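Enquirer: need coordinates for the below:
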Amino acid sequence: MKKLSRLESSSVVTLALALAACSSAQTEHVPGPADPPLDPTAIPAENDTRPRVEATLESQGLSGAALDKSVDPCTDFYQFACGGWEKTTQIPDDRSRWSRSFSEIDQRNEADLRAILEDATKKKAEETPVGKIGRFYSACMDEAAIEKAGAKPLKPLLDATKKVTNKKDLTKLLVMLHQHGIWSFFDVSSGQDYKDATKMIGMIDQNGLGLPDRDYYLKSDADKKKIKDFYVAHVEKMFKLAGFSAAESKTATDDVLRVETALATASKSREERRDPVGMYNKVDRPGLKESTPTIDWDAYFAGLGFTNIVDISVSAPKYMAALDALAKNESPKALQHYFEWQIIHNAAPRLSKAFVDEDFELTKTLTGQKTQRDRWKRCIDAVDDNLGELLAQPFVDLRFGGDSKTAAESYAHAIAGAMDGRLDELDWMDAATREKAKQKLHAMAYLIGYPAKWKTYDYPVKDGYFDDVLAGSAFKLKDSLEKVGKPVDRGEWFMTPPTVNAYYDPQKNQMVFPAGILQPPFYSAKASVPVNLGAMGMVVGHELTHGFDDEGSQFDKSGNLANWWSDSTSATFKSKGQCVERQYGGYEVLPGLKLNGKLTLGENIADVGGVKLAFRAYRQMRKDSKEQVIADGFTEDQQFFLATGQIWCSKYREETTRLMTQVDPHSFPKYRVNGPMSQTPEFQKAWSCKPGSKMIAAETCSVW
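Expert: Got it, this is the predicted structure:
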């Protein structure tokens with residue numbers, strides 16, 4: 001139930017952007033800005049009389065080849081910035097999408113990650129962090145042993161499902177499955193109490209579907225019907241691979257679809273899950289017993305080893321009540337089939353080739369990805385998932401320079417200062433709310449590079465991949481639940497340092513920038529200020545704005561879910577948000593398929609705010625420069641906007657476009673460029689866009 005606003009999202013079955021370069025400077029909490037408000041017109045480009053210095057786009061950190069100059073930038077800026085790249089770029093067969101930033105960074109670093117892990121396998125006998133990641137990687141790569149085992153690793157888990165005949169047995173089975181990371185029915189974790197951000201409590205959330213979203217079960221449009229029909233055949237094939245007879249496989253599949261459809265019907269929608277107030281329902285242990293008495297909650301927590309967990313929030317109380325009715329009314333055999341499928345579905349990627357191949361067929365159907373990723377790439381992901389901060393340490397030494405950390409800190413200060421100045425200018429915000437917004441801004445912390453304290457993984461890694469993953473899952477659950485009742489660890493990260501991503505945590509009121517993202521084209525020591533601010537600066541501005549988007553704005557400076565807005569200012573803010581929702585809801589990503597403006601609202605507010613704040617910070621950072629750099633005819637302002645556009649150059653397979661439009665709270669990349677630019681007057685001035693141009697939004701939606 002942890003709410004993190006990320007720069008990019010990955011679907012469970014699709015788009016793990018995977019690992020990227022890593023880092024070497026220490027993480028620290030950087031205090032909020034003490035600088036005076038920034039002047040957004042420090043260098044008005046149209047009146048710039050500084051001496052001109054001619055340069056190339058490449059020397060400034062941009063790509064001239066990525067441009068499509070046949071397109072008017074005032075008509076479709078994304079196509080202007082990325083059209084050349086799109087024409088010459090093919091999505092690799094083992095990917096469902098490809099981007100000029102996230103994917104290319106990932107690709108550049110996979111070779112380094114592989115070399116380090118292969119070197120670690122030579123030391124796998126050592127009881128050291130390097131030995132541990134070497135053992136895990138080696139076991140994952142041992143295809144001969146995995147093939148020889150076939151479906152045998154499933155047997156102990158499948159046998160356990162046959163013993164469920166009553167409430168006690170059901171509870172015991174859920175304990176075992178959840179300890180192994182098989183989230184049947186629901187999942188359990190720890191998190192900050194929404195109303196007391198200093199306190200860690202238990203969290204229970206809806207879970208247990210085999211398809212990526214409830215709407216695949218509930219809606220009947222052609223795309224979803226096609227996927228559901230495939231899923232039915234896929235489940236039946238998987239049962240047969242696991243040793244079930246043809247007749248029982250058919251019966252089991254019918255049971256699975258009926259149970260999962262009931263769970264989907266009771267589940268909250270993705271739009272509903274964006275409401276922090278609705279997601280926080282502190283019912284505690286007594287409330288669980290009342291809503292879901294078919295589960296013996298005392299025995300459940302005792303089985304997990306945490307008898308003292310009492311403080312609990314449930315994300316979807318109606319779901320838990322419906323789950324109780326389902327558990328009471330379904331036949332024991334049908335529930336057994338559901339649990340068996342959950343086990344097979346979860347374990348398939350770690351089993352023999354027949355399971356892996358059939359599991360990939362589902363991924364292929366959902367995303368359009370043509371071929372399975374090489375095993376070594378998948379094993380890198382597995383090590384990152386289970387031993388991420390051990391894997392990160394050698395990358396820190398190899399891939400993260402101190403200049404990246406220094407730059408990220410300077411950008412965070414400059415953009416926070418830009419927000420400070422922007423708050424002073426807002427005529428729709430009353431003085432009391434403005435002061436509280438500033439307090440939140442000044443309390444915001446920035447974590448850069450990697451954690452100050454590395455996580456330790458106190459579980460054994462042996463030489464069996466299947467068992468190693470089960471042990472890793474048990475460790476992750478234990479590590480999470482041990483936090484309940486303890487003070488919040490403000491230094492804990494929710495991404496591993498190699499990750500090419502960033503996030504804002506509203507309950508800790510902090511932005512986190514892993515080492516993986518602090519690389520070209522997001523940041524380069526060789527790139528110019530306009531280019532670095534247009535790229536990495538936009539990322540920083542995006543994450544900062546999340547503290548003031550439709551969700552983040554509901555948390556105060558300390559991370560508590562609290563209303564710090566006056567009624568009039570809140571009403572205006574919501575109205576401005578509705579304007580953004582309308583704008584993005586009108587974008588058509590495929591014929592007949594539009595963006596979900598409500599689902600993507602927070603990310604869209606952050607994108608628009610990120611561009612505006614980064615531009616303001618860039619202008620301030622260049623205000624004392626003695627000369628202006630013209631790169632292949634483009635002004636510094638234009639270079640800034642080109643940098644923003646080119647970090648989003650992306651190609652998606654059609655199937656992935658449909659999937660991500662359904663499940664991703666981020667807009668499609670083209671509209672992460674054109675949407676913000678159409679709301680930014682400085683963009684329109686920089687490119688001399690005339691009234692009526694497509695890159696001037698018909699309705700001004702100026703939030704931040």
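
Enquirer: which residues touch I343?
Expert: Applying CB atoms under 8 Å, 6 or more residues apart in numbering to I343 gives the contacts L154, L157, L158, T161, L177, I182. Quick note: C-beta positions are derived from backbone N, CA and C, even for glycine.

Enquirer: shouldn't the first one be in contact with A347?
Expert: To tie it back to what came earlier, the one meant is L154. Yes: at 6.0 Å, L154 and A347 qualify as touching, with contact defined as CB atoms under 8 Å.

Enquirer: okay, and for the stretch 351-500 of the chain, where does confidence drop off?
Expert: Low-confidence segments of the stretch 351-500 of the chain, defined by pLDDT under 70: none present.

Enquirer: and the strands in it, which stretches?
Expert: Using DSSP state E, counting those that start in this stretch, the strands of the stretch 351-500 of the chain run over residues 445-449.

Enquirer: what's the neighbour count on K168?
Expert: K168 has 11 neighbouring residues, counting by other CB atoms under 10 Å.

Enquirer: quick check: it vs I295, distance?
Expert: As judged by CB to CB, to the nearest Å, K168 and I295 stand 10 Å apart.

Enquirer: do the same with D159
Expert: To I295, D159 is 21 Å away according to CB to CB.

Enquirer: please say which of these two ends up with more neighbours.
Expert: I295 (21 against 9).

Enquirer: that one: what's it in contact with?
Expert: Residues near I295 by CB under 8 Å, 6+ apart: K167, L170, T171, L174, L288, D324, A327.

Enquirer: could you verify that it is part of a strand?
Expert: No: assigned with DSSP: H, G, I helix; E, B strand; the rest coil, I295 falls outside any strand and is coil.

Enquirer: quick check: phi and psi at the nearest residue to S99 once chain neighbours are set aside.
Expert: The spatially closest residue to S99, leaving aside those adjacent along the chain, is S650, at 4.2 Å (CB to CB, 6 or more residues apart in numbering). Per-residue torsions, S650: phi -150, psi 150 (degrees, to the nearest 10).

Enquirer: what's around S650, how many residues?
Expert: Neighbours of S650 under the rule other CB under 10 Å: 23.

Enquirer: now do the contacts for it.
Expert: By CB under 8 Å, 6+ apart, the contact set of S650 is C82, R97, W98, S99, R100, P669.

Enquirer: mind checking pLDDT for L174?
Expert: pLDDT, L174: 98.

Enquirer: OK, contacts around it?
Expert: S184, F185, I295, Y300.

Enquirer: host element of the last one?
Expert: To tie it back to what came earlier, the one meant is Y300. Element membership for Y300 (DSSP states H and E) is helix 297-304.

Enquirer: can you give me the strands for the stretch 501-650 of the chain?
Expert: Using DSSP E, counting those that start in this stretch, the strands assigned to the stretch 501-650 of the chain run over residues 503-505, 510-514, 588-590, 593-594, 628-631, 650-652.

Enquirer: thought C379 was touching M141?
Expert: Yes: the criterion here is CB under 8 Å, and C379 meets it with M141 at 5.5 Å.

Enquirer: of these two, which one has the most company?
Expert: C379 (22 against 19).

Enquirer: look up how far K226 lies from that one.
Expert: For C379, the distance to K226 - CB to CB - is 32 Å.

Enquirer: and for T165?
Expert: Taking CB to CB as the measure, T165 falls 38 Å from K226.
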